[in-house]
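Engineer: Next one to model:
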Amino acid sequence: MSFQPVVPIGGYAGWRFLERTMERQQEVFNQSTVMQRDLDYFAEKIGDVRTAEDLVGDYRLLKVALGAFGLQDDIGNKFFIRKILSEGTTADDALANKLADKSYFKLAEAFGFGELGLPNTRDEGFADTIAEAYRTRSFEIAVGEQNDDMRLALNLERELAPLAEGSSSGDAKWFSVMGSEPMRAVFDTAFGLPDSFAALDLDKQLEVYRDKAEAIFGDSELDQFADPEKREELVKLFLIRSEISSGFAGYSPAQTALTLLGG
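Structural biologist: Here you go, the predicted structure:
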């Protein structure tokens, strides 16, 4: 049986444990025979792939490709994935550009099937880049099987910093959060927003996100989360609120307030 990540407790204390042990846990997890076999196959075969049809037609290659972008649940949606890949990202009307979930855009962009010239599958280091992303995502999924809040926190750590540091406009960055189900789950929980919030008009959601960020963190811009300390504050608030909402330890209102203030 392959190694399963150890998350002995939930909440912020569990997160701190995972942070301290993650490097070693990932190292052991990556030694899985099944994973290494899949990645060896990918490295050997991906250079021969020229079209979206080639990739979608090979289950083992597609498994790694989708898994690297957190899209492993789409392994059976071959027509949809083929369309995403074959249309690429250059054309404004390409399907990847229309979807709120930008994971599909990143998949299509990485492989480059719909662009001029040859795809990226033969580029030096391509297989290694996809393999590293696959290992990271696979570890997050395995952690999620122990505690899904920890998976969401890991995803946030990986996705939020490059988004915050990017050159997009302030509003575009918040819209990217809205389009990412895992990041949105963290922000909505940390900000104390109800499930029905996602049904509001997008411009209204943007206004609320900015107001909440300003009230809690002192800044309405997503750029602030380029700072590791700010990201840690966000993760801490998310995990505490999530634990409280689950009825952990029978928190009273006073205990809730003290927990949020002092952690």
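Engineer: Surely Arg137 touches Gly70?
Structural biologist: Yes: look at Arg137 against Gly70 with Cβ atoms under 8 Å: they come within range, at 5.4 Å. No exception for glycine: its C-beta is placed from N, CA and C like everyone else's.
Engineer: so what's the most centrally placed residue in the chain up against?
Structural biologist: Residue closest to the mean C-alpha point of the chain, counted by Cα atoms, centre = their mean, is Asn155 at 4.1 Å. Asn155 is in contact with Gly70, Glu140, Pro182, Met183, Val186, counting by Cβ atoms under 8 Å, 6 or more residues apart in numbering.
Engineer: and which of the residues you listed is nearest to Gln36?
Structural biologist: Set against Gln36, the nearest of those by Cβ to Cβ is Glu140 (18.2 Å).
Engineer: What is the subsequent helix or strand relative to whichever strand or helix holds that closest one?
Structural biologist: Counting by DSSP states H and E, the element that carries Glu140 is helix 126-146. Next helix or strand after helix 126-146 toward the C-terminus (DSSP H and E): helix 148-165.
Engineer: State the mean pLDDT of that next one.
Structural biologist: The predicted model gives helix 148-165 an average pLDDT of 95.
Engineer: Could you do stretch 7-27 as well?
Structural biologist: For stretch 7-27, mean pLDDT is 92.
Engineer: Please point out which parts of that stretch sit buried.
Structural biologist: Residues of stretch 7-27 classed as buried: Val7, Gly10, Gly11, Tyr12, Gly14, Trp15, Leu18, Met22, Gln25, Gln26 (neighbour count, 16 or more other Cβ atoms under 10 Å).
Engineer: Let me have those residues in TSV, extended by secondary structure and distance to Ser176.
Structural biologist: Converted to TSV, the buried residues of stretch 7-27 look like this (DSSP: H, G, I helix; E, B strand; the rest coil; distance: Cβ to Cβ, whole Å):
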residue	secondary structure	distance to Ser176
Val7	coil	28
Gly10	coil	28
Gly11	helix	27
Tyr12	helix	26
Gly14	helix	28
Trp15	helix	24
Leu18	helix	25
Met22	helix	25
Gln25	helix	29
Gln26	helix	26
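Engineer: Quick check: the two most widely separated of these?
Structural biologist: Maximum pairwise distance in those, criterion Cβ to Cβ, is 21.3 Å, between Gly11 and Gln26.
Engineer: quick one: low-confidence parts of this structure?
Structural biologist: Counting by pLDDT under 70, the chain has low-confidence residues at 1, 247-263.
Engineer: domain assignment for it?
Structural biologist: 32-132, 169-262 (automatic domain parsing).
Engineer: Among these, which comes closest to Asp148?
Structural biologist: Among the domains of the chain, the nearest to Asp148 by Cβ to Cβ is domain 169-262 (9.1 Å).
Engineer: Return the distance of that closest one from the chain's centre.
Structural biologist: Using Cα atoms, centre = their mean, to the nearest Å, the mean C-alpha position of domain 169-262 is found 16 Å from that of the whole chain.
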